[in-house]
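Participant: Build me a structure from this.
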Amino acid sequence: MRWRRLGRAALVAGVLLLAASYAGQLHPAGDSLAVGRPFLAAVLVLGGLVLRGGAGWLAAALGALALAPILWAMRPLAPLVPQIIVYQKNLLHSVDDPSGIAADILQARADVALLQEVSRTNAGVTIALAGEMPYQVVCPAPTPGTVAILSRWPFAAKPNCATGVGMASVRVLAPEGAVTVVSLHLGWPWPYGQAAQVERVLSQLARLAEPVVLGGDFNAVPWSYIVSRVATATGTERAGPVRPTFLLGGLPIAIDHVLAPANWSAAAIMRPWFGSDHRGQVVNLNGRL
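Facilitator: Next comes the predicted model:
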């Protein structure tokens, strides 16, 4: 029947798109397609079950295989006693009243705040937190890429601003030892310039003293090649369960991440929007410094 032929053709196209979403290492377009991987995988599962037959069962199986690790990454993790509390947030450059964000950072008792899209309109958040988090660095970058690190603990060395690429890093003297913290803001993926930006920062990330805790707006999903490259360069992995932080055309996607050493324990709590288009997150970390 004609509808079955059309259904099989649609499933074949879906499988090809799903395969292309794993090709970020070959071309940046793969990471752009990876944004839609969970939705495409779910459609393949449902469409395959409806169509049935050889093509249907194969499409459903491939969709399920793609969906399984994503669902596993979304599982809730047990709470823990934190050694370091990290607050990660893209402020949104146009927010003109950041008082709610500042209050939330204080309420979370964050040790380190990693902020992106700091601007003249929302810079009041750094002023409001100067008493509790007096150690601060703000690194200008092409609008709206300015990033900042706020810490209640002193800096062990001069902070580093990666000129023009939206990255700040500094070695922080935590009570249990020193840790390098990084705030990162990557641009949009292909067809925009994210891949070139990552090439410019990878060598700097690889030189950072470990352990490294990195937070940022990656504009890339956790299973993208871009996120894995940053994690490999810093000796880290994504901390906490996957939760949506941004709405892309109404679709919830996870593009804001905190990375920490692989042998550390982590638990994350999502925070309200507070006028931004990104949700913040509080990540509790516990590991050897």
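
Participant: Worst mean pLDDT across the helices and strands of this structure, which element?
Facilitator: Lowest on mean pLDDT, DSSP states H and E among the helices and strands of the chain sits helix 2-20, with a mean of 84.

Participant: Give me the mean pLDDT for the next helix or strand after that one.
Facilitator: With elements assigned by DSSP states H and E, the helix or strand that comes after helix 2-20 is helix 29-34. Mean per-residue pLDDT for helix 29-34: 96.

Participant: related to what we said a few turns ago, how distant is the least confident helix or strand of the chain from the center of its chain?
Facilitator: Remark: helix 2-20 is offset 31 Å from the chain centroid, using C-alpha atoms, centre = their mean, to the nearest Å.

Participant: Can you list the helices and strands that it packs against?
Facilitator: Judged by 3 or more C-beta pairs under 8 Å, 6 or more residues apart in numbering; DSSP states H and E, helix 2-20 is in contact with helix 29-34, helix 37-51, helix 53-73. No exception for glycine: its C-beta is placed from N, CA and C like everyone else's.

Participant: which parts of that helix are buried?
Facilitator: 7, 8, 11, 14, 15, 18, 20 (16 or more other C-beta atoms under 10 Å).

Participant: Equivalent analysis for stretch 63-72, please.
Facilitator: Quick answer for stretch 63-72 (16+ other C-beta under 10 Å): 63, 64, 66, 67, 70.

Participant: Direction-wise, compare the least confident helix or strand of the chain with helix 37-51 and give the angle.
Facilitator: On the basis of axes from the mean of the first three to the mean of the last three C-alpha atoms, to 10 degrees, helix 2-20 is oriented at 150 degrees to helix 37-51.

Participant: Export helix 2-20 to PDB, keeping only CA atoms.
Facilitator: The C-alpha trace of helix 2-20 is given here as PDB (Å, rounded to 0.1, in the frame of the first residue of the first chain):
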ATOM      1  CA  ARG A   2       1.100   3.500  -0.800                       C
ATOM      2  CA  TRP A   3       1.000   4.700   2.800                       C
ATOM      3  CA  ARG A   4       3.300   1.900   3.900                       C
ATOM      4  CA  ARG A   5       5.800   2.800   1.200                       C
ATOM      5  CA  LEU A   6       5.700   6.400   2.300                       C
ATOM      6  CA  GLY A   7       6.100   5.300   5.900                       C
ATOM      7  CA  ARG A   8       9.100   3.200   5.100                       C
ATOM      8  CA  ALA A   9      10.700   6.000   3.200                       C
ATOM      9  CA  ALA A  10      10.100   8.400   6.100                       C
ATOM     10  CA  LEU A  11      11.700   5.900   8.500                       C
ATOM     11  CA  VAL A  12      14.700   5.400   6.200                       C
ATOM     12  CA  ALA A  13      15.200   9.200   6.100                       C
ATOM     13  CA  GLY A  14      14.800   9.300   9.900                       C
ATOM     14  CA  VAL A  15      17.500   6.600  10.400                       C
ATOM     15  CA  LEU A  16      19.900   8.500   8.100                       C
ATOM     16  CA  LEU A  17      19.300  11.700  10.000                       C
ATOM     17  CA  LEU A  18      19.900   9.800  13.300                       C
ATOM     18  CA  ALA A  19      23.100   8.400  11.900                       C
ATOM     19  CA  ALA A  20      24.200  11.900  10.800                       C
END
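
Participant: got the contact list for that helix?
Facilitator: 29-30, 33, 36-37, 40-41, 43-44, 47-48, 50-51, 53, 55-56, 58-59, 62-63, 66 (C-beta atoms under 8 Å, 6 or more residues apart in numbering).

Participant: For the stretch 51-200 of the chain, which segments are assigned as strands?
Facilitator: 84-90, 112-116, 135-139, 147-151, 160-162, 167-174, 177-185 (DSSP state E, counting those that start in this stretch).
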